[in-house]
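1. Got a sequence here, can you build the structure:
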Amino acid sequence: MTTRTTFVQQFGDELINPSNNRMSIVKPSKALEGKEIIILYFCGHWCPPQRQLTPTLNTLYRKLVRRQKPNKKFEIIYCSLDYDRKNYMEFIKTMPWLCMPFQSPLSRKMAKQYNAKGIPHLVIIDAMKNYRVITVDGVHEVRSDPNGINFPWKPKTFQQIWPNKILTPASSLWSSLASKKTIDSSTLEDKYLMLYFSAHWRPTCRRLTTPRLSEFYNKMREERKDFELVFISSDHNATII
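-> Take a look at the predicted model:
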């Protein structure tokens, strides 16, 4: 569990606010007060992919600020991996969010901590859940959701993604998909589930499914009534189910 004090100390004594011409200095503890979501943006001016991402992130930031008025509940912190001070200064002038100082060793330390093996790298952090990382794939989230409709991109719960009904093996293997019987997922609530992600077109899956997995399944069902296996298909053709 990460405390607020421990999290804030990562940024050292000061952050830069470049959203005005004065490049004002702010204390991290003050700047992050009341923020529920914190985004760490690891990047550098020299990084070619940022030339598309930074403007997209800039637009998203301003949209979220307008959406959350009057009290902004999130913040982005640019963790600079720049090599050239002049390029760094020109780069942060375009940013409406907070920035780590140029060549701060703390930025590189955090890059290792938050698995920034490549840049640009966006880490979304939930300050309301002990600064738990929501996702380290924030770049993908911003590119696929540039308007922030699903911001802060928290993963869905099992209950949210699980279907209301599932197919049963009661019907004939060669019957049409439409005629297959279904059961309500609520009947599985008191069971331990084994989820089998597979596809008929993969030879390794076919070797596992017949007969090894079938034998295992039948044995488990004989021994335990609180067990069930659910096949999650990646097949391209419904007729093979």
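2. Could you use CA atoms for every contact and neighbour count after this?
-> Fine.
3. List the buried residues for the lengthiest helix in the chain?
-> Longest helix in the chain, counting residues (DSSP state H): helix 50-67. Within helix 50-67, the residues that count as buried by 16 or more other C-alpha atoms under 10 Å are 50, 53, 54, 57, 60, 61, 64, 65.
4. Likewise for stretch 158-171?
-> When burial is assessed from 16+ other C-alpha under 10 Å, stretch 158-171 yields no buried residues.
5. Output that stretch as PDB - backbone C-alpha positions only.
-> Extracted in PDB, the C-alpha atoms of stretch 158-171 (Å, rounded to 0.1, in the frame of the first residue of the first chain):
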ATOM      1  CA  PHE A 158     -15.800  -9.600 -13.800                       C
ATOM      2  CA  GLN A 159     -19.600  -9.100 -13.300                       C
ATOM      3  CA  GLN A 160     -19.600  -6.300 -15.900                       C
ATOM      4  CA  ILE A 161     -18.000  -8.400 -18.700                       C
ATOM      5  CA  TRP A 162     -19.600 -11.800 -17.900                       C
ATOM      6  CA  PRO A 163     -22.600 -12.600 -20.000                       C
ATOM      7  CA  ASN A 164     -26.100 -13.200 -18.500                       C
ATOM      8  CA  LYS A 165     -26.400 -16.500 -20.300                       C
ATOM      9  CA  ILE A 166     -24.000 -19.200 -21.400                       C
ATOM     10  CA  LEU A 167     -24.300 -22.200 -23.800                       C
ATOM     11  CA  THR A 168     -24.700 -25.700 -22.400                       C
ATOM     12  CA  PRO A 169     -23.400 -28.900 -24.000                       C
ATOM     13  CA  ALA A 170     -26.800 -30.400 -23.800                       C
ATOM     14  CA  SER A 171     -27.600 -30.100 -27.400                       C
END
